[in-house]
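# Would you be able to build a 3D model of this:
(2 chains)
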2 protein chains.
Amino acid sequence: MSEKIAFLGLGNLGTPIAERLIKAGHELTVWNRTTSKADPLVKLGAKVVENAIDAIEDGGIVISVLADDAAVEEIFSMELVEKMGKGGIHISMSTISPETSRQLSQIHDWYEETYVAAPIFARPEAVVAGVGNIAISGKTAAKDVAKPILQGFVKGIYDFGEDPGAANVVKLAGNFMIAASLEMMGEAFTMAEKNGISRQSIFEMLTQTIFAAPIFQNYGKLVASNVYEPVAFRLPLGLKDINLTLQAAANVNVPMPMADLVRNRFISALAKGRQEMDWAALAKGPSDDAGL
Amino acid sequence: MSEKIAFLGLGNLGTPIAERLIKAGHELTVWNRTTSKADPLVKLGAKVVENAIDAIEDGGIVISVLADDAAVEEIFSMELVEKMGKGGIHISMSTISPETSRQLSQIHDWYEETYVAAPIFARPEAVVAGVGNIAISGKTAAKDVAKPILQGFVKGIYDFGEDPGAANVVKLAGNFMIAASLEMMGEAFTMAEKNGISRQSIFEMLTQTIFAAPIFQNYGKLVASNVYEPVAFRLPLGLKDINLTLQAAANVNVPMPMADLVRNRFISALAKGRQEMDWAALAKGPSDDAGL
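Model (predicted):
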């Protein structure tokens, strides 16, 4: 079914998602802080607005793909939330803290609107290819509206119940596991390299056998070559996510020493001026430490 | 081609390997410290000897699957190595240090024999199913003899060149990555659990999507349930392997902070009396720390 959708946030991930939605036949009104980023979408038929609030229709559907908690809190002002109105559904795809999701959900509730958390596991090229996966949580009736829309551009949708923060917890846990896998490969490949084995050859064996998963195959290529391009997800965003993970863990008294280690790697990468690199450049840490 | 093979070591992994070799038509003379373990193999047609040296034939093939460096050094006494004689090939499948492999290789060289390192990535059930993988290294002529024998019971053989220690480095790096994956899942699933999400549901999403690899799917099941049975590889052997990894890294000045973290988890597991559990019980650490 074709839906009218207000789409907020045209970053690296938002843009290909919006494009897929337009191509699936939905009617999009898009907003982005830098309006010019909407140009390619306007050519595909999207309407563009200067202010986020002008995208909102009474009782309509809003999809947001924003950079962080602060952006979500700023864009979803009281004014905007009020304008959404009774029956409105906010599908929030940003990687933010479970707490922000839960608080925003309560505000939406006040206006008889529903908040659905639907963060996506996908790099931009995975959105284009339709192979991403979404963790979803929130009230069932709203999820029933959201799922058919989201299904159009991902491989799978995994439902984590009614708690609006649950899907964010899963997304943070997953991103922690990706970051930890980068450090893991960085250490293993460096240890092999200094023992006279090519990084490429150990990468090939392990990612064709016991570690034959997308994370190891795709990121492993970067770690094997020690070249971290193209940049799909900037390193400071990786630090943001691991900080959110550690906060979500500390809130329920869960120590995560491996996440602490990874966090320090991100901080060190920033100290070395790597803020413009892909977050996979975390894996340069072990290689620096070994004098390579 | 059917070969006469002296097979030394009938542990959890050695036994199914020997069985596959017999079923593939090779003529095995087996030895194990506890001779009775050979009984099922004798029924299949193997010859059994009381002393390892009695299994050795002049210029023949020897396959060893032993517990650790000390066992390899003890069994491959000067007397036994001398008896192997010119043209003899030792296919060493144990997970041992690269240094032990290199030293033993030099001793074999002295007698015009060849040492081939061929550690296997497989739990016993993977050997039975023929889905394990072998890293191999050593002199090419001997590898050409070893490969067709090994090919009969694994999915893939990956060649890491002539350095007899290289395959051991790869095996240690891989085992480190498995242990680190256990800790990673332990932390992520515990963080999810205390945030109200079932360990099973986050396990299912992540291992069906971005972490869809055997290590995460098979070990993840144990970490999700927090029950570490059946025991295929005892926890103290995991500590042995991580110690070897750290030593092989330190020998070439590579710090591995994630491996240090994992090592401490093994030590703590022993302190808690978990020596009879599978090494995957490492992943109980994060859950203990979180008061579960």
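
# and the angle for the longest helix anywhere in chain A with helix B:166-194?
Counting by DSSP state H, the longest helix found in chain A is helix A:166-193. For helix A:166-193 against helix B:166-194, the angle by axes from the mean of the first three to the mean of the last three C-alpha atoms, to 10 degrees is 160 degrees.

# and after helix A:166-193, which helix or strand comes next?
helix A:199-208 (DSSP states H and E).

# mean confidence score for that following helix?
Mean pLDDT, computed over helix A:199-208, is 98.

# Could you count how many residues lie near residue A:25?
By the criterion of other C-beta atoms under 10 Å in any protein chain shown, residue A:25 has 10 neighbours. Where you see a C-beta, it was placed from the backbone N, CA and C, and this is true even at glycine.

# Quick one: residues contacting it.
residue A:2 (C-beta atoms under 8 Å, 6 or more residues apart in numbering or on different chains).

# again, only this time at 10 Å
Residue A:25 sits next to A:1, A:2, A:3, A:152 when contact means C-beta atoms under 10 Å, 6 or more residues apart in numbering or on different chains.

# that older thread, which of the residues in the longest helix of chain A are buried?
If you call a residue buried by 16 or more other C-beta atoms under 10 Å in any protein chain shown, then helix A:166-193 has these buried ones: A:166-193.

# hmm, back to that, pull out the buried members of the contacts of residue A:25.
In those, the ones that pass as buried (16+ other C-beta under 10 Å) are residue A:3.

# Just the closest of the contacts of residue A:25 to chain B, please.
residue A:152 (17.6 Å; C-beta to the nearest C-beta).

# In this structure the closest one contacts residue A:63, no?
No - contact criterion C-beta atoms under 10 Å: residue A:152 and residue A:63 do not qualify, at 11.9 Å.

# so what sits against both of those two?
A:17, A:21, A:26.

# Neighbour-wise, give me the winner out of those residues.
Neighbour max across the shared contacts of residue A:152 and residue A:63 (other C-beta under 10 Å) = residue A:17, 26 neighbours.

# Quick check: closest non-adjacent residue to it.
In space, residue A:17 comes closest to residue A:127 once its chain neighbours are excluded; the distance is 5.6 Å by C-beta to C-beta, 6 or more residues apart in numbering or on different chains.

# returning to what we had before: which of the shared contacts of residue A:152 and residue A:63 fall in helices?
Per DSSP H, the shared contacts of residue A:152 and residue A:63 map to helices at A:17, A:21.

# TSV please, covering the shared contacts of residue A:152 and residue A:63 and showing distance to residue A:38 and pLDDT.
Formatted as TSV, the shared contacts of residue A:152 and residue A:63 follow (distance: C-beta to C-beta, whole Å; pLDDT from 0 to 100):
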residue	distance to residue A:38	pLDDT
A:17	13	98
A:21	13	97
A:26	15	98
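
# tell me which of the shared contacts of residue A:152 and residue A:63 is nearest to chain B?
residue A:17 (17.2 Å).

# which residues touch the closest one?
A:7, A:9-11, A:63, A:65, A:93, A:120, A:122, A:124, A:127-128, A:132, A:150, A:152-154.

# let's see it at 8 Å
A:7, A:63, A:65, A:93, A:120, A:127, A:153.

# now the first one, which residues is it bridged with?
The residues listed as beta-bridge partners of residue A:7 by DSSP bridges are residue A:30, residue A:63.

# Which element, helix or strand, includes whichever residue of the stretch 1-150 of chain A sits closest to chain B?
As assessed by C-beta to the nearest C-beta, chain B sits closest to residue A:133 within the stretch 1-150 of chain A, at 4.4 Å. Per DSSP H and E: residue A:133 is located in strand A:132-138.

# And the pLDDT for the closest residue to chain B within the stretch 151-292 of chain A?
Per C-beta to the nearest C-beta, residue A:213 is where the stretch 151-292 of chain A lies closest to chain B, at 3.5 Å. Residue A:213 is assigned a predicted lDDT (pLDDT) of 94.

# Look up how far residue B:271 lies from it.
Distance, residue A:213 to residue B:271, by C-beta to C-beta, to the nearest Å: 33 Å.

# Give me the pLDDT for the residue of the stretch 1-150 of chain A closest to chain B.
97.

# Which residues are in contact with it?
Applying C-beta under 8 Å, 6+ apart, we find residue A:133 in contact with A:120, A:121, A:122, A:154, A:155, A:156, A:157, A:158, B:205, B:209, B:210.

# Please parse chain A into its domains.
As recorded under automatic domain parsing, the domains making up chain A are A:4-162, A:169-289.

# Check the ones you listed for me and report the most buried one.
Highest mean neighbour count among the domains of chain A (mean count of other C-beta atoms under 10 Å in any protein chain shown): domain A:169-289, with a mean of 21.

# Figure out how far that one is from the centre of its chain.
Its chain's average C-alpha position is 16 Å from that of domain A:169-289, according to C-alpha atoms, centre = their mean, to the nearest Å.

# At which residues are the strands of chain A located?
Assigned strands in chain A, in chain order: A:4-8, A:27-31, A:47-48, A:61-64, A:89-92, A:114-117, A:120-121, A:132-138, A:154-159 (criterion: DSSP state E).

# Figure out which of the ones you listed is closest to residue A:265.
Of all those, the one in closest proximity to residue A:265, counting by C-beta to C-beta, is strand A:120-121 (21.1 Å).

# Near chain B, which residues of the stretch 1-150 of chain A are found?
A:98, A:121, A:133, A:135 (C-beta under 8 Å from any C-beta of the partner chain).

# that older thread, what angle do the strand holding residue A:133 and helix B:199-208 make?
160 degrees.

# How far off centre is stretch A:76-84?
Centroid separation between stretch A:76-84 and its chain, computed with C-alpha atoms, centre = their mean, is 23 Å.

# Only C-alpha atoms, please: export that stretch in CSV.
Extracted C-alpha coordinates of stretch A:76-84, given in CSV (Å, rounded to 0.1, in the frame of the first residue of the first chain):
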residue,chain,number,x,y,z
PHE,A,76,11.0,16.3,17.7
SER,A,77,10.2,19.5,19.5
MET,A,78,6.9,19.8,21.5
GLU,A,79,5.6,21.8,18.5
LEU,A,80,6.3,19.1,16.0
VAL,A,81,5.1,16.3,18.2
GLU,A,82,1.8,18.2,18.8
LYS,A,83,1.3,18.8,15.1
MET,A,84,1.6,15.0,14.4
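
# quick one, phi/psi of the residue in chain A sticking out farthest from the centre?
Largest separation from the mean C-alpha position in chain A: residue A:196, at 37.3 Å (C-alpha atoms, centre = their mean). Per-residue torsions, residue A:196: phi 90, psi 10 (degrees, to the nearest 10).

# contacting residues around the nearest residue to it once chain neighbours are set aside?
Nearest non-adjacent residue to residue A:196, counting by C-beta to C-beta, 6+ apart: residue B:163, 5.9 Å away. Applying C-beta under 8 Å, 6+ apart to residue B:163 gives the contacts A:196, B:102, B:137.

# can you pull the contacts of the most centrally placed residue in chain A?
Closest residue to the average C-alpha location of chain A: residue A:95 at 4.8 Å, with C-alpha atoms, centre = their mean. Contacts of residue A:95 were listed using C-beta under 8 Å, 6+ apart, and they are A:68, A:119, A:168, A:171, A:172, A:175, A:241, A:244.

# Could you identify the least confident member of these?
residue A:68 (93).

# so who does it touch?
By C-beta under 8 Å, 6+ apart, residue A:68 lies in contact with A:94, A:95, A:96, A:237, A:240.

# quick check, nearest of these to residue A:51?
For those, the nearest to residue A:51 is residue A:94 (19.0 Å; C-beta to C-beta).

# Got phi/psi on that closest one?
phi -70, psi 150.

# can I assume the residue farthest from the centre of chain A is in contact with residue B:166?
Yes - between residue A:196 and residue B:166 there is a contact under C-beta atoms under 8 Å: 6.6 Å.

# returning to what we had before: tell me which two in the residues of the stretch 1-150 of chain A next to chain B are the farthest apart.
Maximum distance among these (C-beta to C-beta): 18.6 Å, for A:98 and A:133.
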